[in-house]
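Q: This is a predicted model, with the sequence first.
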Amino acid sequence: MYQCRTFPDNPSRAHHLGRTIALCLAMVTFVYPVHAANDKTDAVQQAEQQFVAGHYAEAQQLLTPLADDMAGNIRFDYLYGRVALQNQDFRTAITALMRVISVDPGFAGARIELARTYYAQGVKQFSRSSLEESRAEFRTALKQAPPETMRVVINDYLASIQRHLDVKSLLYTAYLDVGAGIDSNVNSGPMTSAINLNSIYYTLPAKTTEAAAFFAETLLGGSITFPLRDKDIDLFASVDAGARALGSNVTQDWSYNYASVNLGLRHYGEHNRKTLMINPTSINQGNHRYMDSFFVDGRWEQLLGKQDRLTYRLVGGEIHYDYLLSPHSNDGPRGSVAWTHLNDDAIHSSTELLLQLGHDGTPQCNSGCVAPLAHSLAGIGTSYTRDWLSTSRLNLSAYLELSDFGDTLFYNSRRKDNRLETFAGLSTPLSPGLSLREEIYWVYSDSNVDLYDFRRFTAKVNLRWSL
C-alpha cells in the first residue's frame, strides 16, 4: 500500500527557489519473506526499527554485512536501498533498488525510491544524466496508476527536475536595482585630521578625513550561459554596471560609476565543479578614472559526504590606480579555501568558513610613487545563510584580514593593518520578479599608521527587478 509523508513544506510551494520539495515515501507492506537464518532475520528486523526511528547510519551498519548473502531478496534489497538513500550512499541504493525492480517491475515503492535516489544524486553531484534517469523512473511510476497524493508529489519532482535541467540549457538573467542609503565615511578616511607619521604631526585636509553622506545608486546587469559538449561544460558571460551619487554635504566628489565583466568556462564532474574566468573592471570616481583591474579567477568545488563542500580558489591579476602622485599597479596571487556545510534543513540554511592567504608583490611605480610596498595578507571569515520569516532570505557574514605592507616612505617601521568587515542582508520577494533588499555593512580598520585607522558604516535599501 502507499503511505505519504510530506515535510517540511506544502508540495504546492515546491516551485519556489530555496524551498524543500515534498518528499513522499512509498511504503509497501512486506509480503516477501526473508529466507535466511534467524540471526540474519533478526538483523533485518533491527535495521527496520532503526530506519523507522531515523537512525540511518546504524541501520546501514546492520545491513551491509548481510548484503552478499541476501542480495536478491526483495524485502532486504528494498530496505537496504532506502537506508542507503537516506545516508546518500547513492551507488549502493541504486544497485539494491534496481535488483528489486528487476525481480518485480510492478513494485511501485521501489521504483519511486529509485527515482528519488537518481534525483538526489543529480542535485548533489551536478549530474544531468542522473536527473534524466530520475525523470524516466518517475514517468514510469505515473503509468502504474499511483494514488492522487502520490501523483501530486511525483509531478512536483518532475517539475523540479525540469528546472534543474533548464539550468544546463541556454540560460539568461537580468536585473535592475535602484536604491538609497547612508555612508558614514565615504572616503574611508581617519576619524581625526591630526595624524602622526614618524613622530611628526600632520593636519589632513578636510576632504581626506571621515565624512558622512546620503547616496542614491543604480545597478544593472545580466548574464548568459551556453552549454557545450553534451552540457557538461558551460560557457558563461556576465556584465554588471552601477553608479552612486552622493549628497552635496561632502567636500570632495566621491561619487563613482563602474563596469565589470566576467567571462569563463564551467565544467561539471561527477563530484565536483570547476570554474575558470577572467574579470576586467573599470571604476571612475568624480571626474577622473580611479582604477582599472584585470583578474584571472579559478575555482574548484568538491563535494564531501552528504552536506559538505570545499571550494578552492586562486585569483591573480593586476590593479592599475590613477590617483595621488602617479599611476601605479599592484598584482599578485590570492588563494582561499572555503568549507560550506548545509545545515539540517539543507536547502534552507548553510554555514561557510573561509581561509584566505595572499601576496601582492612589489608595485611597479612610475617616478614619484608615494609608497612602494609589498602587501601580504591572511584572512579568515564566516557566513551564514537561511530562510527567515517564511519568505525572506537572511545572510550574515564576518571577515577578519591581517595585512603586512612592508616598509614605506611614510614611516620607518613596517605598516600593519587589521581589518574587520561584517555584513547583514535581507531579501524579501514582493511579487514575481520584484524584491526588496536591505543591507548593512560595517568595517573597522586598525593600523599602526594613523592615516589608515578608520571606521565605516553603510546602510541601504534597494528595489530589484529581475528576469
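A: Now that the structure is in, tell me what you want to look at.
Q: C-alpha from now on. contacts and neighbour counts both.
A: OK.
Q: for the stretch 101-250 of the chain, what spans make up the helices?
A: Along the stretch 101-250 of the chain, the stretches classed as helices by DSSP state H, counting those that start in this stretch are 108-124, 128-142, 148-167.
Q: Point out the most buried one among those helices.
A: Mean neighbour count (mean count of other Cα atoms under 10 Å) peaks for helix 108-124 among the helices of the stretch 101-250 of the chain, with a mean of 24.
Q: Now do that helix and helix 148-167, the angle between them.
A: Relative orientation of helix 108-124 versus helix 148-167 (axes from the mean of the first three to the mean of the last three Cα atoms, to 10 degrees): 30 degrees.
Q: Quick one: residues in contact with helix 108-124.
A: If you take Cα atoms under 8 Å, 6 or more residues apart in numbering as the criterion, helix 108-124 is touched by 2, 25-28, 78, 81-82, 85, 88, 90, 93-94, 97-98, 100-101, 105, 127-131, 133-138, 141, 144, 161, 164, 271, 303.
Q: quick check: angle from that helix to helix 128-142?
A: Using the same axes, to 10 degrees, helix 108-124 lies at 160 degrees relative to helix 128-142.
Q: quick check: mean pLDDT across helix 108-124?
A: For helix 108-124, mean pLDDT is 89.
Q: what do you get for stretch 255-272?
A: Stretch 255-272 comes out at a mean pLDDT of 88.
Q: Send me it as CSV with only the CA atoms.
A: Taking C-alpha atoms only, stretch 255-272 is exported to CSV below (Å, rounded to 0.1, in the frame of the first residue of the first chain):
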residue,chain,number,x,y,z
SER,A,255,30.5,59.7,-6.5
TYR,A,256,31.5,56.9,-8.8
ASN,A,257,30.5,54.6,-11.6
TYR,A,258,31.8,51.3,-12.6
ALA,A,259,31.6,48.4,-15.1
SER,A,260,32.7,44.8,-14.6
VAL,A,261,32.7,41.8,-16.9
ASN,A,262,33.0,38.1,-16.2
LEU,A,263,33.8,35.6,-19.0
GLY,A,264,34.5,32.0,-18.3
LEU,A,265,34.1,28.2,-18.5
ARG,A,266,32.5,25.9,-16.0
HIS,A,267,32.9,22.1,-16.0
TYR,A,268,30.6,19.7,-14.2
GLY,A,269,32.3,16.5,-12.9
GLU,A,270,30.8,13.6,-11.0
HIS,A,271,31.5,15.0,-7.6
ASN,A,272,32.9,18.5,-8.4
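Q: So for that stretch, what gets flagged as buried?
A: 255-268, 271-272 (16 or more other Cα atoms under 10 Å).
Q: ok, now stretch 312-324?
A: 312-321.
Q: repeat for stretch 41-60
A: So for stretch 41-60, counting by 16+ other Cα under 10 Å, buried means 41, 43-48, 50-51, 55-56, 59-60.
Q: Export that stretch to PDB, keeping only CA atoms.
A: This file holds the C-alpha atoms of stretch 41-60, laid out as PDB (Å, rounded to 0.1, in the frame of the first residue of the first chain):
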ATOM      1  CA  THR A  41      16.300 -12.100  10.100                       C
ATOM      2  CA  ASP A  42      16.800 -10.500  13.500                       C
ATOM      3  CA  ALA A  43      19.400  -8.200  12.000                       C
ATOM      4  CA  VAL A  44      17.000  -7.100   9.200                       C
ATOM      5  CA  GLN A  45      14.200  -6.500  11.700                       C
ATOM      6  CA  GLN A  46      16.600  -4.500  13.900                       C
ATOM      7  CA  ALA A  47      17.600  -2.500  10.800                       C
ATOM      8  CA  GLU A  48      13.900  -1.800  10.000                       C
ATOM      9  CA  GLN A  49      13.400  -0.500  13.600                       C
ATOM     10  CA  GLN A  50      16.500   1.700  13.300                       C
ATOM     11  CA  PHE A  51      15.200   3.000   9.900                       C
ATOM     12  CA  VAL A  52      11.800   3.900  11.300                       C
ATOM     13  CA  ALA A  53      13.500   5.700  14.200                       C
ATOM     14  CA  GLY A  54      15.600   7.700  11.800                       C
ATOM     15  CA  HIS A  55      18.900   6.100  12.800                       C
ATOM     16  CA  TYR A  56      20.000   5.500   9.200                       C
ATOM     17  CA  ALA A  57      23.700   5.100   9.800                       C
ATOM     18  CA  GLU A  58      23.000   2.400  12.400                       C
ATOM     19  CA  ALA A  59      20.600   0.700  10.000                       C
ATOM     20  CA  GLN A  60      23.200   0.500   7.200                       C
END
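Q: Sweet, I'm off.
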